[in-house]
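# Coordinates only, no sequence provided:
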């Protein structure tokens, strides 16, 4: 499924969590890990202090070499290391293209307060512009063994959510995992001014059941059963809430082909799920 995994590594605990997720995958399914470390140089800054250029590059190399050594000794995995000068998201995307990566794994920073509204700019840009799937990881797994036993898929009948479900089915088959498919009915009365009558509620529920029936049909082509879940409320909040309640260890979502202006505002539900989820989130391309 994934055989060429690029990990964005900067020495932070979040990037170590991303690397560990890649290690778990390779240990269980094989594959190749490419660690990418980007060193950004502000030309104006280094005109004033040119010695910092070499110091920063040397520090990056030391951190990365130590980690590749640890990965080799502890897990018997030979990770390829690439260190490049440049802006991190540009470097990550270019290396992913050059090396034909089929998955990018990145750590997220779980920001709080007002910063919660803004995902880390590097993660943000990579998710929006990557042509391949991106996994966002917030914390290091407590187990060496890869164990995606319970997968939650956000499904809304769009082509993007269909691709996400198909990827989940592929993963479920090799991981022997269960899949729950969630459709969240938006609270229209909070979005527009209208009174939600019982007949409207019934119509929305009927539509939700129809949507999830299509999800069931898609999964049946993979011989994978799915549990269907309908909730009403905030889409991102419900996805995270249900993932926690059901002890899911992975969330899979589709993208929405962000272009033009939309690139500046990543799908808010995807962004909020990534920020608030305690388990890895795969954004399927």
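Perfect, I can see it now. From a predicted model like this one, the values you see are computed outputs, not experimental measurements.
# residues of the host helix or strand of residue 283 that come out buried?
Assigned by DSSP states H and E, residue 283 belongs to strand 281-284. Neighbour counts using 16 or more other C-beta atoms under 10 Å place 281, 282, 283, 284 of strand 281-284 among the buried residues. All C-beta atoms are positioned from the backbone trio N, CA, C, and that covers glycine.
# The residue lying closest to residue 166 once chain neighbours are set aside and residue 252, how far apart?
Counting by C-beta to C-beta, 6 or more residues apart in numbering, residue 218 is the residue found nearest to residue 166 once chain neighbours are left out, at 6.6 Å. To residue 252, residue 218 is 13 Å away according to C-beta to C-beta, to the nearest Å.
# The two: which has the busier surroundings?
Neighbours were counted for residue 218 and for residue 252 using other C-beta atoms under 10 Å; residue 252 has more, 30 against 20.
# Just grab the bridge partners of that one for me.
Taking DSSP bridges, one obtains residue 153, residue 282 as the residues bridged to residue 252.
# In contact with it, which residues?
When contacts are counted by C-beta atoms under 8 Å, 6 or more residues apart in numbering, residue 252 is found next to 151, 152, 153, 154, 164, 165, 167, 168, 171, 281, 282, 284.
# hang on, isn't residue 35 packed against residue 66?
No. In this structure residue 35 lies outside contact range of residue 66 using C-beta atoms under 8 Å: 11.5 Å.
# Going by distance to residue 136, which of the buried residues of strand 281-284 wins?
Closest to residue 136 out of the buried residues of strand 281-284 is residue 281 (4.9 Å), distances taken as C-beta to C-beta.
# separation between the closest one and residue 6?
Here residue 281 is placed at a distance of 17 Å from residue 6 (C-beta to C-beta).
# Longest helix in the protein, by number of residues?
Ordering each helix of the chain by length in residues (DSSP state H) puts helix 51-75 first.
# Please tell me how far the nearest residue to residue 72 once chain neighbours are set aside sits from residue 277.
Sequence neighbours aside, residue 78 is the residue nearest to residue 72 in space, at 5.9 Å (criterion: C-beta to C-beta, 6+ apart). Plainly put, residue 78 is 31 Å away from residue 277 if you go by C-beta to C-beta.
# The two: who's more crowded?
Using other C-beta under 10 Å, the more surrounded residue of residue 78 and residue 277 is residue 277, with 24 against 11.
# Could I get the phi/psi values of the more buried one?
With angles defined as degrees, to the nearest 10, residue 277 sits at phi -70, psi 140.
# can you tell me which residues contact it?
Neighbouring residues of residue 277 by C-beta under 8 Å, 6+ apart: 136, 138, 239, 240, 243, 251.
# again with residue 82
Residues counted as contacts of residue 82 (C-beta under 8 Å, 6+ apart) are 34, 35, 36, 37, 95, 99.
# In those, which residue is surrounded by the most others?
Within the contacts of residue 82, neighbour counts (other C-beta under 10 Å) peak at residue 36, which reaches 26 neighbours.
# Tell me the bridge partners for that one.
Under the criterion DSSP bridges, residue 36 forms beta bridges with residue 8, residue 82.
# Make a markdown table out of the buried residues of strand 281-284 and add distance to residue 62.
Formatted as a markdown table, the buried residues of strand 281-284 follow (distance: C-beta to C-beta, whole Å):
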| residue | distance to residue 62 |
| --- | --- |
| 281 | 31 |
| 282 | 31 |
| 283 | 32 |
| 284 | 36 |
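# Nearest to residue 222 among the residues you listed?
When those are compared against residue 222 (criterion: C-beta to C-beta), the nearest one is residue 284, at 14.7 Å.
# quick one, strands of this protein?
Along the chain, counting by DSSP state E, strands occupy 4-8, 32-39, 80-85, 103-107, 133-137, 150-154, 178-185, 226-232, 250-254, 281-284.
# would JSON lines of those strands with mean pLDDT and distance to residue 203 be doable?
Output for these, formatted as JSON lines (pLDDT from 0 to 100; distance: least, C-beta to C-beta, whole Å):
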{"stretch": "strand 4-8", "mean pLDDT": "96", "distance to residue 203": "44"}
{"stretch": "strand 32-39", "mean pLDDT": "93", "distance to residue 203": "49"}
{"stretch": "strand 80-85", "mean pLDDT": "92", "distance to residue 203": "54"}
{"stretch": "strand 103-107", "mean pLDDT": "94", "distance to residue 203": "40"}
{"stretch": "strand 133-137", "mean pLDDT": "95", "distance to residue 203": "35"}
{"stretch": "strand 150-154", "mean pLDDT": "96", "distance to residue 203": "22"}
{"stretch": "strand 178-185", "mean pLDDT": "95", "distance to residue 203": "10"}
{"stretch": "strand 226-232", "mean pLDDT": "95", "distance to residue 203": "13"}
{"stretch": "strand 250-254", "mean pLDDT": "95", "distance to residue 203": "25"}
{"stretch": "strand 281-284", "mean pLDDT": "95", "distance to residue 203": "30"}
